[in-house]
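>>> Here is my input; please provide its structure:
(chains A and B)
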Amino acid sequence: MPSVWRSTFVTSAVLGIEISAGSLVGALANEKTPLRDSAAPTPKRAQKTTDRSTVARRRIIVGVVAAVAVLGLLWLFFGRGNDSPLAGIIPGLNSTPPPPQFAFKTVTPKAQATTTNVDRKRLDEAAKHNAPAIEKVLTEVLQVGYVDPSTWGDAGKLDDYFTDEAAKQVEPNIDTLSLGKNASDTFTSVNPLPSKLRVTTLLDGQINPIRALGEITFEAMATNTDGSMTKITLTGTFFLVPDGNDWKIEGFRLNREEKPKAAKTPSASGASVSPSGAA
Amino acid sequence: MMKKLIAVVLGLSAWIGGTVAASVGSTPAAAAPLFVIQRAHADYMPSLDGNDPIFILLLGSDSRPGTPMTKGRSDSIHILGINPAQQRATVFGIPRDSYVPLSTGGTDKINAAMPVGGPEAEMKTVEMLTGITFAYYVVTGFNEVTSAVNQIGGLEVDVPYGVQGYDQFFPSGLHRMTGSQVLGYSRTRHSLPLGDFDRSLNQGVVLKSALTQFRGEFAKDPTRLYSWIGAGLRNTETNVPVDELVRLAGLAQSVPASRVTNLVAIGTSGMSGSQSIVNLSDANNALWQDMAQDGFILQKAIPANAQPDPQ
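Predicted structure coming up:
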């Protein structure tokens, strides 16, 4: 089978387009180019020359059609990243890099005693000892809620970080506890900037932690679906309670601000353009 | 010719099909310009809820340095009733000289129960008197009140009328008081028209002022919660668990001081032997029944002969 015909056949089959047997098959049947005849021109020979031209033209047309079809298919299957139908089938085809891993740049521990005459040094040591566990919880909450696009707006992925009572408040507050249910309509990715955490641990008379709060300043740069950028700042306080060896969030007060980042445009001064409609 | 046409149609079909298929399910390319600053807010604190009232006995001990607070006489006695669902509360003062049956035995001034049986005995005594069942008690003392106020950075007290304290005069109006000033304002009674009755009401004024200040500070900076809890626990003896304190703090956000009634028991001064006492009026029974039922007393339910809330 001629290669052109084979590729056309394959392309047609994949596209689900039925090619009439009487069309291409007819056009390409006996596609052997008539041999050059050194004999003098005769009507029969003239006919052969005409046939040869016709076949050549048909080959060009079919070739162009096949190339276009193949290019369309290549784009459909390989040129669309996550949207490709093959993305879920072929490992490594996914062209989107994994989300960045969030971590607080600075963590400041602090203690609050509930009894008098407790050595300040012991309190500070206890605060330092307890801070990493609280940092871990809040890091994961921000990773799930803000940094990982696949879990934006997914209350189910956050519930486990909250007490049973507070977990009921996750869904109603999901648009602040995470970037939002419809965040992917606006953003494609979030890249964390240096963020801060201050942990205050409430300690009992035996220097055991009984409560903690985490004050966060989470900053990130989001890429919008139109390619522009937005600076995201989430500030506020999480209240946490010990839960075995872990900590759960029992309360929160959070504020988020999304500020369009002015695009750099070439200008005489080289200054960036300010958002004109900023409110 | 026909064959050419078919080939062209096929090519176009492949191109259009590929384009259409590729665009299905993808993100719209053009989003609206994001030139507006977007804001979002989330707020939740666990809070006491439900219609069941909660009662806490607030006791001010007269113990001196070196003596445990819980072994002093309870010179300041207030019933704090809270109704979470109604978002109302009442501070009901009982004069320390009230002559009542004690849970520790006999009849004496009400403040005599704590030195014998601690805050639990004082609680039982007040329960016997009022029919109100307490969930918790809180005991503080002179030095402790001073320290607690200083540790939260002072207290802004809305003084309803001019009061001559031990060391200074407090004109009416808002005063940012230090710990010792709060103590002085709360303790003074000789300059007050109705002595211990007015003093008890002034202590209610301080409690309401503390509520107002806490609400304001928490609204601005929620981390202040632990400053208040820390200062409170460091300077009191209490059986209120931290869980409950956090929930009370959550509830406080929805109970402004204007929804807190401040009153003092109705009574008359008298003598028992050589000691001055207060004979409580039977009119208090209706008030205590009212309070026991739902945790609060409305201002309009207070009889005309009761000492009015100075605020």
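
>>> Could you tell me the phi and psi values at the nearest residue to B:G81 once chain neighbours are set aside?
With sequence-adjacent residues excluded and distances taken as C-beta to C-beta, 6 or more residues apart in numbering or on different chains, B:G81 is closest to B:G295, at 4.1 Å. Any C-beta I mention is one placed from the backbone N, CA and C, and that applies to glycine too. Backbone torsions for B:G295, taken as degrees, to the nearest 10, come to phi 90, psi -10.

>>> Tell me where the stretch 151-300 of chain B has helices.
Chain-ordered helices for the stretch 151-300 of chain B, with DSSP state H, counting those that start in this stretch as the definition, fall at B:179-187, B:196-220, B:224-234, B:242-252, B:283-294.

>>> where along the stretch 51-200 of chain B do the strands fall?
Using DSSP state E, counting those that start in this stretch, the strands assigned to the stretch 51-200 of chain B run over residues B:54-61, B:74-83, B:88-94, B:99-101, B:107-109, B:136-140, B:155-159, B:163-164, B:169-170, B:173-177.

>>> is it true that A:R211 touches A:W247?
No: here A:R211 does not reach A:W247: they are 9.7 Å apart, not a contact under C-beta atoms under 8 Å.

>>> what does the model give A:F78 for pLDDT?
The score at A:F78 is 53. That number is its pLDDT.

>>> The one 4 residues further on too?
The model reports A:N82 with a pLDDT of 50.

>>> A:G16 too?
40.

>>> Over to the one 10 residues further on?
Per-residue confidence at A:G26 stands at 44 (pLDDT).

>>> bridging residues for B:S272?
Per DSSP bridges, the residues bridged to B:S272 are B:Q275.

>>> Helices of the stretch 101-250 of chain A, residue ranges please.
Under DSSP H, counting those that start in this stretch, the stretch 101-250 of chain A gives helices at A:120-142, A:155-158, A:164-167, A:174-177, A:183-186.

>>> for stretch B:203-210, the distance to its chain's centre please.
Between the centre of stretch B:203-210 and the centre of its chain there are 9 Å (C-alpha atoms, centre = their mean, to the nearest Å).

>>> And the average pLDDT for it is what?
In the prediction, stretch B:203-210 has an average pLDDT of 98.

>>> what residues are up against B:R73?
B:61-63, B:96, B:111-112, B:114-115 (C-beta atoms under 8 Å, 6 or more residues apart in numbering or on different chains).

>>> For B:L225, state which of those is nearest.
Set against B:L225, the nearest of the contacts of B:R73 by C-beta to C-beta is B:S61 (25.8 Å).

>>> My guess is the closest one contacts B:M114. True?
Yes: between B:S61 and B:M114 there is a contact under C-beta under 8 Å: 7.0 Å.

>>> Look at B:E156 and say how many residues are nearby.
B:E156 has 13 neighbours, counted by other C-beta atoms under 10 Å in any protein chain shown.

>>> For chain A, see how far away it is.
From B:E156 over to chain A the distance is 22 Å, taken as C-beta to the nearest C-beta, to the nearest Å.

>>> what's near enough to touch B:A219?
Contact analysis of B:A219 by C-beta under 8 Å, 6+ apart lists B:Q253.

>>> so where's the chain uncertain?
If you meant another chain, say so; for now it's chain A. Residue ranges of chain A with pLDDT under 70: A:1-43, A:45-46, A:48-49, A:68, A:70-95, A:263-279.

>>> You answered for a different chain; I wanted chain B.
B:1-35, B:307-311.

>>> Can you add distance to chain A and give the contacts of B:R73 back as JSON lines?
Formatted as JSON lines, the contacts of B:R73 follow (distance: C-beta to the nearest C-beta, whole Å):
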{"residue": "B:S61", "distance to chain A": "16"}
{"residue": "B:D62", "distance to chain A": "20"}
{"residue": "B:S63", "distance to chain A": "15"}
{"residue": "B:R96", "distance to chain A": "26"}
{"residue": "B:N111", "distance to chain A": "25"}
{"residue": "B:A112", "distance to chain A": "28"}
{"residue": "B:M114", "distance to chain A": "21"}
{"residue": "B:P115", "distance to chain A": "22"}
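
>>> how much space between A:A69 and chain B?
Distance from A:A69 to chain B, by C-beta to the nearest C-beta: 3 Å.

>>> hang on, that residue in a strand?
No: judged by DSSP: H, G, I helix; E, B strand; the rest coil, A:A69 forms no part of a strand; its state is helix.

>>> Report how many residues lie close to it.
25.

>>> and the gap between it and A:G63?
Distance, A:A69 to A:G63, by C-beta to C-beta, to the nearest Å: 11 Å.

>>> Strands of the stretch 151-279 of chain A, start to end?
In the stretch 151-279 of chain A, the strands defined using DSSP E, counting those that start in this stretch lie at A:187-192, A:196-203, A:209-224, A:229-243, A:246-261.

>>> Just the buried ones from the contacts of B:R73?
Among the contacts of B:R73, those classed as buried by 16 or more other C-beta atoms under 10 Å in any protein chain shown are B:61-63, B:96, B:111-112, B:114-115.
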